[in-house]
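[1] Only the shape, not the letters, is given here:
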């Protein structure tokens with residue numbers, strides 16, 4: 001490995017050398033779904049409490065008006081701060097898309113929420129520069145690909161021992177996206193990546209709080225800052241990824257060179273192993289069970305009054321993550337299998353209006369939660385930890401038992417959401433945020449044909465209130 005060309009240099013070559021035409025049509029189509037999803041989540045995140053606090057924070061800085069949109073508001077501000085605000089917004093509800101892993105040593109095959117740190121940085125600079133939809137998409141895809149392959153390469157210890165990979169790897173994504181959009185040379189790109197590496201941060205101890213989406217926003221902002229400084233001539237080390245005191249060893253204790261060298265765009269992560277778009281604003285581990293529960297409810301027309309008890313069985317790692325068995329608020333509910341089953345049995349849907357403090361405190365919800373028994377099932381345990389196998393048994397008051405099993409949730413590559421289905425989710429997010437219906441419909445159509453959009457300002461002007 002010591003005689004091999006610089007790994008960071010190879011990543012910079014990919015960023016600087018990738019043209020729009022190098023990205024397969026299949027990947028472009030998959031990316032449009034995640035881009036539309038990201039816009040919708042920035043809208044819904046804008047009405048979260050964290051959205052209000054971010055805008056208050058930015059207003060208190062006294063920065064004045066800038067060229068970039070804070071989605072879901074009338075605020076226009078400097079690129080780095082728009083990237084920060086929109087990154088927080090996309091991740092605020094834990095409703096954003098997820099990178100799937102290739103390696104089997106990653107529990108559940110999950111690595112990063114790749115869009116949240118990358119899209120806002122690309123969007124901010126694209127809006128400032130009046131860049132085309134095609135150029136914006138290229139930058140987004142380049143950034144996501146760099147993020148995902150870095151996440152694949154770093155040793156699993158990185159995440160297992162406390163780093164939040166969406167934040168750490170996402171910082172490189174944001175820098176890469178901006179470098180691509182602005183047409184950086186290899187040298188300038190190397191320096192942007194290195195500056196990004198020294199800003200890479202985020203700890204899992206903050207999961208379940210507003211600081212988790214803060215990670216995504218700060219990663220996006222840090223990438224913009226890194227690119228801006230590199231453009232101005234700021235110096236930085238040329239081997240930030242692989243150096244003995246660089247990112248991979250400092251933050252992970254090591255890395256797999258073969259997982260990244262020669263693998264950027266070969267294949268594109270969007271194509272293989274794919275990404276997962278969330279149909280519900282809850283932890284990914286709840287989604288196979290929610291998909292199967294909703295299928296059983298609709299297929300058998302199960303009413304809440306018919307339910308005597310429910311058993312939900314998974315492998316032993318899932319209860320270690322879904323720890324809130326009697327959730328007290330909406331953030332805990334996102335990591336409560338019992339709540340997720342109960343709300344579907346009662347309301348037959350699990351969207352943004354269902355994941356609120358008010359819903360969690362409803363008497364009928366609390367009563368239904370008491371009927372749900374969540375634990376380990378031997379069959380699910382035997383399938384291994386690269387799947388989220390969930391087995392459901394619903395005992396009805398008439399003596400019947402309705403049962404089902406799912407290994408993957410709706411929105412995964414095994415059960416993907418179509419563009420129209422993602423558009424439905426986007427409309428729900430837009431309505432939740434109070435965006436005019438006509439604006440939402442126009443965004444859906446613009447993103448569908450994003451390669452023909454002359455300036456991303458055509459899109460951003462529709463994402464304000």
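    The structure has been received and is ready for your questions. Just so you know, these numbers come straight off a predicted model, no measurement behind them. Residues are numbered from 1 along each chain as shown.

[2] alpha carbons only for contacts and neighbour counts from here, please
    Will do.

[3] Kindly indicate whether residue 16 is helix, strand or coil.
    State at residue 16, reduced to three classes by DSSP: H, G, I helix; E, B strand; the rest coil: helix.

[4] just checking, it touches residue 189?
    Yes - when contacts are counted by Cα atoms under 8 Å, residue 16 is listed as touching residue 189 (7.1 Å).

[5] tell me, what's touching these two both at once?
    residue 179 (Cα atoms under 8 Å, 6 or more residues apart in numbering).

[6] More neighbours: which of the two?
    In this comparison of residue 16 against residue 189, neighbours counted by other Cα atoms under 10 Å, the higher total goes to residue 189 at 30 against 23.

[7] Run through the neighbouring helices and strands of the helix or strand that one falls within.
    Per DSSP states H and E, residue 189 falls inside helix 186-197. Of the remaining helices and strands, those touching helix 186-197 by 3 or more Cα pairs under 8 Å, 6 or more residues apart in numbering; DSSP states H and E are helix 7-17, helix 165-181, helix 211-231.

[8] Buried deepest among the ones you listed, which one?
    By mean neighbour count, with neighbours taken as mean count of other Cα atoms under 10 Å, helix 165-181 ranks first of the helices and strands packed on helix 186-197 at a mean of 34.

[9] Outline the domain layout of this structure.
    Listed by automatic domain parsing, the domain ranges of the chain are 7-278+416-460, 284-406.

[10] can you redo the ones you listed as TSV with mean pLDDT?
    Compiled in TSV, those are given as follows (pLDDT from 0 to 100):
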stretch	mean pLDDT
domain 7-278+416-460	96
domain 284-406	95
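
[11] Buried deepest among these, which one?
    Mean neighbour count (mean count of other Cα under 10 Å) peaks for domain 7-278+416-460 among the domains of the chain, with a mean of 22.

[12] Distance across that one, terminal residue to terminal residue?
    Start-to-end span of domain 7-278+416-460 (Cα to Cα, to the nearest Å) is 36 Å.

[13] Equivalent analysis for stretch 322-339, please.
    The straight-line separation of the ends of stretch 322-339 (Cα to Cα) is 10 Å.

[14] Touching that stretch from outside, list them.
    Among residues not part of stretch 322-339, those counted as contacts by Cα under 8 Å, 6+ apart are 94, 208-209, 281-283, 285-286, 321, 340, 355-357, 360-361, 365, 369, 372-374.

[15] pLDDT score for residue 1?
    We have a pLDDT of 38 for residue 1.

[16] And for the one 5 residues further on?
    In this prediction, residue 6 carries a pLDDT score of 95.

[17] tell me which element the closest residue to it other than its chain neighbours is part of?
    Counting by Cα to Cα, 6 or more residues apart in numbering, residue 239 is the residue found nearest to residue 6 once chain neighbours are left out, at 6.6 Å. Assigning secondary structure by DSSP H and E places residue 239 outside every helix and strand.

[18] Would you agree residue 239 is in contact with residue 194?
    Yes - Residue 239 sits in contact with residue 194 when judged by Cα under 8 Å, with a separation of 7.5 Å.

[19] Let's verify the residue nearest to residue 465 when sequence neighbours are not counted: helix, strand, or coil?
    Using Cα to Cα, 6+ apart and skipping the chain neighbours, the partner closest in space to residue 465 is residue 73 (5.0 Å). Three-state secondary structure (criterion: three-state DSSP) places residue 73 in coil.

[20] ok, now residue 464?
    Counting by three-state DSSP, the backbone at residue 464 sits in coil.

[21] was I right about it contacting residue 436?
    No - in this structure, residue 464 sits apart from residue 436 without contact. The criterion is Cα under 8 Å, and the distance is 9.4 Å.

[22] For the closest residue to residue 125 other than its chain neighbours, list the residues it contacts.
    Counting by Cα to Cα, 6+ apart, residue 79 is the residue found nearest to residue 125 once chain neighbours are left out, at 6.4 Å. Counting by Cα under 8 Å, 6+ apart, residue 79 touches 66, 67, 68, 121, 124, 125, 128, 224.

[23] Restricted to strands, list those residues.
    Among the contacts of residue 79, the members found in strands (DSSP state E) are residue 68.
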